[in-house]
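In: build me a model:
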Amino acid sequence: MILSPVLSGALTFALGCFALALVLNLVRLLTAPTLSDCILTVDTMTVNTIALIVLLGLRTGSALSVEIALLFALTGFVSTVAFCKYLLRGCIIE
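Out: Alright, predicted model coming up:
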């Protein structure tokens, strides 16, 4: 897939921004004062990773990346719900 220079530059800039966001989320994860802050940080990291997967798919022209991002989104949602339920009730399966 041949990209225009403007689109290629925009994709590179967006990839850099989301990579920086992941690094800053990792710092927040290591310095979070409470468990709920850690859960929110992991959920934000999931969203940023999904964006990176979609942007890399746009850059390479791969349609498979959309399916990978969808599976990652579903897994991230279920894990966030499970962590929150564990935090509220102390168990996941009742």
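In: mind listing what I53 touches?
Out: The neighbourhood of I53, defined by C-beta atoms under 8 Å, 6 or more residues apart in numbering, consists of S65, I68, A69, F72. C-betas here are computed from N, CA, C, even on glycine.
In: tell me which element it is part of?
Out: Using DSSP states H and E, I53 sits within helix 35-60.
In: what about that helix, distance to the chain center?
Out: 1 Å (C-alpha atoms, centre = their mean, to the nearest Å).
In: what's downstream of that helix, the next helix or strand?
Out: Note on helix 35-60: by DSSP H and E, the next helix or strand toward the C-terminus is helix 64-89.
In: list the contacts of I39.
Out: For I39, counting by C-beta under 8 Å, 6+ apart, the contacting residues are T80, F83, C84, L87.
In: distance of it from Y86?
Out: In this view, I39 and Y86 are 9 Å apart by C-beta to C-beta, to the nearest Å.
In: again with I2
Out: In terms of C-beta to C-beta, I2 sits 48 Å off from Y86.
In: higher neighbour count, these two?
Out: Y86 (13 against 6; other C-beta atoms under 10 Å).
In: read off the pLDDT value for that one.
Out: Here, the pLDDT recorded for Y86 equals 86.
In: cool, T46 as well?
Out: pLDDT recorded at T46 is 95.
In: E94 now?
Out: The score at E94 is 68. That number is its pLDDT.
In: name the helices or strands packed onto the lowest-mean-pLDDT helix or strand in the chain?
Out: Every helix and strand in the chain was compared by mean pLDDT, DSSP states H and E; the lowest is helix 64-89, with a mean of 91. The helices and strands touching helix 64-89, judged by 3 or more C-beta pairs under 8 Å, 6 or more residues apart in numbering; DSSP states H and E, are helix 35-60.
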